[in-house]
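# when you get a sec, could you give me coordinates for this:
(one chain, ligands or ions: 2)
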Amino acid sequence: MKAPVRVAVTGAAGQIGYALLFRIASGEMLGKDQPVILQLLEIPDERAQNALKGVIMELEDCAFPLLAGIEAHSDPMTAFKDTDYALLVGSRPRGPGMERAELLSINGAIFIGQGKALNAVASRDVKVLVVGNPANTNAYIAMKSAPDLNPNNFTAMLRLDHNRAASQIAAKTGKAVADIEKLTVWGNHSPSMYADYRFATINGESVKSMINDEAWNRDVFLPTVGKRGAAIIAARGLSSAASAANAAIDHMRDWALGTNGKWVTMGIPSDGSYGIPKDVMFGFPVTCENGEYKIVQGLEIDEFSRERINFTLAELEEERAGVAHLLG
Ligand SMILES: NC(=O)C1=CN([C@@H]2O[C@H](COP(=O)(O)OP(=O)(O)OC[C@H]3O[C@@H](n4cnc5c(N)ncnc54)[C@H](O)[C@@H]3O)[C@@H](O)[C@H]2O)C=CC1
Ligand SMILES: O=C([O-])CC(=O)C(=O)O
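Ligands and ions are numbered 1, 2, ... in the order given. This is a model prediction of the structure:
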């Protein structure tokens, strides 16, 4: 049996938390042979802490063989102690009619404190996934607040967008979602994102030639994927939770256990690839191996794609400028 690893989850009593924790504890994220200790963080508020107690009782009642410990915390300085994985979910979700960027003034500050706490007490190899919106800029804030940690260990969740794009393509082509390869989503987790199937294949066949419909790409596919979060809020009255939790599991599992050469999308600090300025937290096509991600290189960026990439980049640059004062 492997030694247990420590997994911190913030916002653990929230709706994503409720869809996430049981799957981590059952081994879906880090493997069926990997025991985990859950370090759960909620705000120091009686209702939230009580709700967290209830979630912990339910986790106990599952008698998960891989669950080697559960801790409840109200302070990131204890919640993140020695943590190997940190899923930063806790933050305000948007309601109907809001854009995710509007959450920056409410949620941004959370990620300064949590970045500092990770810097102070987490494992030096901690892998961080930011889910709380606006995810890219919050991840950027956390990364910049943790100068002693490797910036490459901070990532933002673009996987839900990737999975949404895959599902739309499967529906359009009538093919199995599992057979889609080489799909990616560039940029920000916002309606400006650029879901790109130009390189995608299904059983080796080009998705672009299968669909062969530029108008569908521009007028149906991109807006559907880009605005899917808002469509779910309109339908449910609450933002997506189970699909967000599922994407978080996919993101962390692939990062930790590898993708066997398959492309996935992760929001990561740019290394300058594809003309994206260094450090911008940007959705890129990556492959993962040995606990590290690598940007897929050498893809041709045509004029339409360059326009789209520049558009989502401009939005991220604007968000970054908007939080510069917080980072000192
Ligand atoms: N990146 C992505 O693809 C997605 C991101 N999200 C975002 O995830 C976040 C959480 O969503 P839900 O779980 O639905 O919200 P929720 O409101 O149900 O739960 C959030 C929980 O976080 C807790 N919390 C707030 N501030 C905290 C802090 N400083 N430390 C620890 N816990 C804190 C709250 O007490 C609450 O229990 C939202 O910002 C939402 O917009 C949601 C879906 C997809
Ligand atoms: O749209 C929202 O606010 C929640 C979210 O990020 C998503 O579902 O993609």
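# quick one: pLDDT of residue 298?
Listed pLDDT for residue 298 reads 98.
# so who does it touch?
When the contact criterion is C-beta atoms under 8 Å, 6 or more residues apart in numbering, residue 298 has no partners at all. No exception for glycine: its C-beta is placed from N, CA and C like everyone else's.
# just the element for residue 233, please.
helix 228-236 (DSSP states H and E).
# for that helix, what is the distance to the chain centroid?
Centroid displacement of helix 228-236 relative to its chain, using C-alpha atoms, centre = their mean, to the nearest Å, is 18 Å.
# just the C-alpha atoms of it, please, in CSV.
The C-alpha trace of helix 228-236 is given here as CSV (Å, rounded to 0.1, in the frame of the first residue of the first chain):
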residue,chain,number,x,y,z
ARG,A,228,-22.5,27.0,-21.3
GLY,A,229,-21.9,28.1,-17.7
ALA,A,230,-24.5,30.8,-18.0
ALA,A,231,-27.0,28.4,-19.7
ILE,A,232,-26.7,26.1,-16.7
ILE,A,233,-27.2,29.0,-14.2
ALA,A,234,-30.3,30.0,-16.2
ALA,A,235,-31.6,26.4,-16.1
ARG,A,236,-30.7,25.4,-12.6
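# buried stuff in the next helix or strand after it?
Sequence-wise, the next helix or strand beyond helix 228-236 is helix 242-257, with elements assigned using DSSP H and E. Neighbour-count burial for helix 242-257, with 16 or more other C-beta atoms under 10 Å as criterion, is recorded at 243-257.
# and helix 242-257, does that touch ligand 1?
Yes - Helix 242-257 is in contact with ligand 1 by C-beta under 6 Å from any ligand atom, via residue 244.
# could you give the separation of that helix from the chain centroid?
With C-alpha atoms, centre = their mean, you get 8 Å for helix 242-257.
# output that helix as PDB, restricted to C-alpha atoms.
Backbone C-alpha positions of helix 242-257 (Å, rounded to 0.1, in the frame of the first residue of the first chain) are rendered in PDB as follows:
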ATOM      1  CA  ALA A 242     -21.200  18.100 -10.600                       C
ATOM      2  CA  SER A 243     -19.700  18.800 -14.000                       C
ATOM      3  CA  ALA A 244     -17.200  21.200 -12.400                       C
ATOM      4  CA  ALA A 245     -16.200  18.600  -9.800                       C
ATOM      5  CA  ASN A 246     -15.800  16.100 -12.600                       C
ATOM      6  CA  ALA A 247     -13.600  18.400 -14.500                       C
ATOM      7  CA  ALA A 248     -11.500  19.000 -11.400                       C
ATOM      8  CA  ILE A 249     -11.000  15.300 -10.900                       C
ATOM      9  CA  ASP A 250     -10.000  14.900 -14.600                       C
ATOM     10  CA  HIS A 251      -7.600  17.800 -14.400                       C
ATOM     11  CA  MET A 252      -5.800  16.500 -11.300                       C
ATOM     12  CA  ARG A 253      -5.900  12.900 -12.300                       C
ATOM     13  CA  ASP A 254      -4.300  13.600 -15.600                       C
ATOM     14  CA  TRP A 255      -1.700  15.900 -14.100                       C
ATOM     15  CA  ALA A 256      -0.700  13.400 -11.400                       C
ATOM     16  CA  LEU A 257      -1.000  10.200 -13.300                       C
END
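# tell me who's in contact with the residue of the chain found nearest ligand 2.
With C-beta to the nearest ligand atom, the shortest gap between the chain and ligand 2 falls at residue 229, namely 2.2 Å. By C-beta under 8 Å, 6+ apart, the residues touching residue 229 are 100, 160, 239, 240.
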